[in-house]
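Trainee: sequence-free structure coming up:
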């Protein structure tokens, strides 16, 4: 089982977001704890080791550290803004 680490940017987004959306995102992130690369996970073009998963119109960008059993949540935002 992997541990989850949130960046300051992703924590800030989760604090401001709608509670229903946050619940859906937390469920998705908890599923990543068991299986870090799921069937709906895609790699981010131009970034080595960076993955993304969809939750509606939003994207969760994360990286997986297999040595330390850690998933780092890098950024959460709407699709057009998340890749900036």
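Mentor: Perfect, thanks for sending it. Predicted model only: the values in this text are computed from it and were never measured.
Trainee: Now do the strands in the protein.
Mentor: Under the criterion DSSP state E, the chain contains strands at 3-6, 42-43, 50-55, 58-65, 70-78.
Trainee: can you name the farthest residue from the center of the protein?
Mentor: Residue farthest from the centre of the chain, counting by C-alpha atoms, centre = their mean, is residue 67 at 18.8 Å.
Trainee: Any regions of the protein where pLDDT drops low?
Mentor: Residues of the chain meeting the criterion pLDDT under 70: none.
Trainee: Longest helix in it, by number of residues?
Mentor: Counting residues, the longest helix found in the chain (DSSP state H) is helix 19-34.
Trainee: Contact partners for residue 73?
Mentor: Residue 73 makes contact with 4-7, 10, 29, 60-62, according to C-beta atoms under 8 Å, 6 or more residues apart in numbering. For every residue, glycine as well, the C-beta is placed using N, CA and C.
Trainee: In contact with the residue minimising distance to the centre of the chain, which residues?
Mentor: For the chain, the residue nearest the mean C-alpha position is residue 60 (3.3 Å; C-alpha atoms, centre = their mean). By C-beta under 8 Å, 6+ apart, the contact set of residue 60 is 10, 25, 28-29, 52-54, 73, 75-76.
Trainee: With that, I have no additional questions.
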